[in-house]
Every structure is written in C-alpha cells, then in structure tokens.
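Chemist: Predicted model follows, preceded by the sequence.
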Amino acid sequence: MSIARAAIVAAFTLSSSFAWAHVALAPPQAVPGQVWQGALRIGHGCDKSPTIRIEANLPTSFGTPKPLAKPGWTVNVSGNTIVWSGGVLPDDHFDEFVFRSAIAKDAPLGGIAIPVVQICEKGEHRWTEIAQSGQDPHALKSPAPVLKLVQQVGVSFQDGWLRATPKGAKVAGGFGLILNAGAADRLVSASFPTIAGKTEIHEMAVSNGMMTMRPLANGIEVPASGKIELKPGSFHLMLMDLKAPLIEGQSVEGTLVFEKAGPVQVRFPVRAIGAPGPMQEHKH
Ligand SMILES: [Cu+2]
C-alpha cells in the first residue's frame, strides 16, 4: 500500500512539474475578431542547455504578428512566423516573448495550436504535437502551446500597455482599450500586485484652463456595446508605490475588475518612456 501511494505521489509530482516546464501562452484565451496580446513563456532549455532561438508559427487565422522589442534578442517576422534569436536564456530561468496579433473574426471557437521550435546551444525541442479529438493533450510528449478561442459576452481589454519609468519614479501610467459586447458595465478597480502597491483609476481633464488629474472613486462607466479608451491625457490607470522601475520590454500581469463582468486578467507590455498611445501610432 505504501508503495502504491509513493507511486501516486511520484506520478503527480512528475505531471505537475511537466505542466510548468512546457511552453505556454499567457493569457491562454483570445476572442475571434479581436487582438490577442500576450507572451510565449519558455520554461526551460534543452536538457540543461540554454535556449538561443525561438520560432513561433502562427496559424492562418492570425494576422501578421507584431512582437514587442526584446532587449538582448533580435526579433524577425516573416509572414506568420516570428523568430527570436541572438539571445541566451539559461536553462534554470524562464522568460517571456511578447507579441500581438489580430485573430480572424471567423476563426472557429475552441483550441488553436501554435507550433513552436526551441533551439538550444545543444539540442532542440519541437513543441509541435497537436492533440487529436478525444486525445488528452497532457499525454503528448511535446505539445504545441494552445490558445483557446472563446466568444466574447461582456467586456474585454485590448492593446494594454504601461509606460516605462525613470529610476526612482513611484508612479506609472497604464493604458488600453475596453471593449464591451454586452450590457453597460463599469471598471471599478485594477491591480498589478507584482509591481505596484496600489493602482487607481484616473482622469486627466482641463479644469479652469489647467490640465489636472483626479482619481475616479466610482471608476469608469463602459456603455453597452461600446468602448472606452484609456490613453495619455485622458482616462488612465495610475500604478502607485512602484516596487521597481518599469523597463521597456518587460510585461506585467494584472487584473481589472468590472462591476458585472468581474475580474479580467491582463498582461501589459512596458513601452518606452516617451511612447505615444497605440492609436497615435497609426497616424502618418
Ligand atoms: Cu494619474
């Protein structure tokens, strides 16, 4: 009996460490017709050898990807393939490779695999196995990371980003687009616990001819079937009591809480200190 129990414990430990070790996408969900922005998380090298190249092959239901510049790595996009090279990721560290891509409106709901090839100084991992219907993806030896396409029912958040901060700064701005496919809702709070002691919801507005910033105690109303843009000079998230400077190329996990939709997990890349909003980028 003790032998059987030991076997169960061993099997459980093995499978849970495997789940952590595999290549994964964060966040693991996307909505057809919207932009997915997130990270490819690489958990380990190849049998102790450091990772030096990552290739992600996005399916055709993804639009041309736009990767976040990553210090120490060269990033190339060719068609729907992204290649990160020139860097070194030691086996005992994990790292995240951030990109965004628009998902086709007619992409079928369900899991969609993104094959990844990881090249190390010695050896490689081909994360390209795709579970057949009825097959348990956990049974695969080298599963491709899977993005789950789900239907949007309420609010979602897109194009989020944080502004990089100079050394010693205690606050940082957070921006992005709130989309609402359902009834009216309200953004009531936000938190980025890994980097900020607290996060407030702010508005910049002209009052008596002066640009002022004020916290919005009741949050921001998001109209039914509408959208709200958080951008410099307007609504924004104010991350306060920063634990460390925000450095371009990082990405930070957080939670936005809506009155009706509840918590929405987000992942914001950090952009250059003087970065304009994503909307301004499109003006030429
Ligand atoms: Cu503010």
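Modeler: Happy to help now that I have it. Residues are numbered from 1 along each chain as shown.

Chemist: C-alpha from now on. contacts and neighbour counts both.
Modeler: Will do.

Chemist: Show me how far stretch 57-65 is from its chain's centre.
Modeler: Here stretch 57-65 is found 16 Å from its chain centre; the criterion is CA atoms, centre = their mean, to the nearest Å.

Chemist: quick one: terminal-to-terminal distance for it?
Modeler: 10 Å (CA to CA, to the nearest Å).

Chemist: quick one: buried residues of that stretch?
Modeler: By neighbour count with 16 or more other CA atoms under 10 Å, stretch 57-65 contains the buried residues 57-58, 61-65.

Chemist: Show the average pLDDT along that stretch.
Modeler: Across stretch 57-65, the average pLDDT comes to 95.

Chemist: Just the helices from the chain, written as ranges.
Modeler: For the chain, the helices defined by DSSP state H occupy 2-21, 278-281.

Chemist: which strand in this structure runs the most residues?
Modeler: Assignment by DSSP state E gives strand 196-207 as the longest strand of the chain.

Chemist: tell me which strands and helices that strand is in contact with?
Modeler: Under the contact definition 3 or more CA pairs under 8 Å, 6 or more residues apart in numbering; DSSP states H and E, strand 196-207 sits against strand 185-191, strand 210-215, strand 235-242.

Chemist: one step back: let's have the buried residues of stretch 57-65 in JSON lines, adding distance to the ion.
Modeler: Output for the buried residues of stretch 57-65, formatted as JSON lines (distance: CA to the ion, whole Å):
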{"residue": "57", "distance to the ion": "39"}
{"residue": "58", "distance to the ion": "37"}
{"residue": "61", "distance to the ion": "37"}
{"residue": "62", "distance to the ion": "34"}
{"residue": "63", "distance to the ion": "33"}
{"residue": "64", "distance to the ion": "33"}
{"residue": "65", "distance to the ion": "31"}
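
Chemist: With distance to residue 249 as added columns, please give these in CSV.
Modeler: Shown next, in CSV, are the buried residues of stretch 57-65 (distance: CA to CA, whole Å):
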residue, distance to residue 249
57, 21
58, 21
61, 26
62, 22
63, 22
64, 20
65, 16
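
Chemist: any idea how the chain splits into domains?
Modeler: With domains defined by automatic domain parsing, the chain comprises 19-149, 155-274.

Chemist: can you dump the C-alpha coordinates of stretch 168-180 into CSV?
Modeler: What follows is stretch 168-180, C-alpha atoms only, in CSV (Å, rounded to 0.1, in the frame of the first residue of the first chain):
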residue,chain,number,x,y,z
GLY,A,168,13.2,56.3,-8.6
ALA,A,169,9.8,57.1,-10.1
LYS,A,170,6.9,56.0,-7.8
VAL,A,171,4.0,56.1,-10.3
ALA,A,172,3.4,54.8,-13.8
GLY,A,173,0.5,55.2,-16.3
GLY,A,174,-1.4,52.2,-17.8
PHE,A,175,-3.5,52.5,-21.0
GLY,A,176,-5.5,50.4,-23.4
LEU,A,177,-9.0,49.9,-24.8
ILE,A,178,-12.0,48.5,-23.0
LEU,A,179,-14.4,46.8,-25.4
ASN,A,180,-18.0,45.9,-24.4
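
Chemist: start at 74 instead
Modeler: Understood, numbering begins at 74; the last thing we discussed is stretch 241-253.

Chemist: returning to what we had before: which among the helices and strands packed on strand 269-280 is found nearest to residue 142?
Modeler: Residue 142 lies closest to strand 308-315 among those, at 22.6 Å (CA to CA).
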